[in-house]
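Q: Based on what follows, work out the 3D shape:
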Amino acid sequence: MKLERVERLNLTLSAGAVAATFAFASPHVATSLAIGAALEAMNFGALVRGARIYLGGGEQGSGPWLALFSVRFVLLGVGIVLAMNAGAHPIALICGLSIAIPAVLIDGWLNRPEFDAASAGEWSVPPPDDESWDRYSIWRPTALDEEAELAALEARAASGDASAEHDGVEVSEAKERGGVGEADAERQIDG
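A: Next up is the predicted model:
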């Protein structure tokens, strides 16, 4: 079985943490950390393999993914309970269980895409008084198409649809305020 790069980094960090704990703490604390790291490595490996299968199209639908997700957490919970009942040091166990977090962060940082200085100009922020801010909503990552929104609201209102209200802003209010975008902004400020 071939381990992913992040899994190898996770095992390296786990081994380093266990070795450092054996060097600087009691064997009880180091063993507890090793148990937590072992549980975490198995859980993390199952997560990586499951995500690879699910995102690669190997599983259809979310049913098998959720079932394996649940089984994985039940097994992890059973492992934690057994370790605690066996007398594991709780803080060392939690530290061992948490080693995947820095491994993922470090792997993400080391393998981030290169910064393209040529395209950086496209990311400039317009000045505060620019008109484009009136067409932008933080709730939608694209600029608002006010005319299309108003037309859709009017069509729903004309058909007698009870949902012709746009998140508390009726069509008439939207027209009075100069468009759906301003009404949305007003509603966002109010509440």
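Q: Straight-line length of stretch 76-94, end to end?
A: 12 Å (CA to CA, to the nearest Å).
Q: Residue ranges of each domain in the chain, please.
A: Per automatic domain parsing, the structural domains of the chain span 5-110, 129-190.
Q: Do me a favour and average the pLDDT over stretch 14-27.
A: Mean per-residue pLDDT for stretch 14-27: 94.
Q: Same question for stretch 151-164.
A: pLDDT averaged over stretch 151-164 gives 68.
Q: And the strands in the chain?
A: For the chain, the strands defined by DSSP state E occupy 136-137, 140-143.
Q: And those, which one averages the lowest pLDDT?
A: strand 140-143 (a mean of 56).
Q: What count of nearby residues applies to A41?
A: 21 (other CB atoms under 10 Å). Using the backbone N, CA and C atoms, a C-beta is placed for each residue, glycine as well.
Q: residues contacting it?
A: E7, N10, L11, S14, A100 (CB atoms under 8 Å, 6 or more residues apart in numbering).
Q: which of those residues tops the neighbour count?
A: N10 (26 neighbours).
Q: my guess is that one meets A100, correct?
A: Yes: with contact defined as CB atoms under 8 Å, N10 reaches A100; the gap is 5.5 Å.
Q: Mark which of the contacts of A41 are part of helices, please.
A: E7, N10, L11, S14, A100 (DSSP state H).
Q: out of these, who's nearest V81?
A: A100 (19.8 Å; CB to CB).
Q: which residues touch the closest one?
A: Counting by CB under 8 Å, 6+ apart, A100 has contacts N10, E40, A41, N43, F44.
Q: how about these, which pair is most distant?
A: The widest separation within these (CB to CB) is 10.5 Å, between N10 and N43.
Q: where in this structure is pLDDT low?
A: By pLDDT under 70, the low-scoring segments of the chain are 57-61, 116-124, 132, 135-149, 160-191.
Q: still on that earlier bit, so which of the contacts of A41 comes closest to N85?
A: For these, the nearest to N85 is S14 (22.6 Å; CB to CB).
Q: Please identify the buried residues of stretch 65-82?
A: W65, L68, R72, L76, G79, I80 (16 or more other CB atoms under 10 Å).
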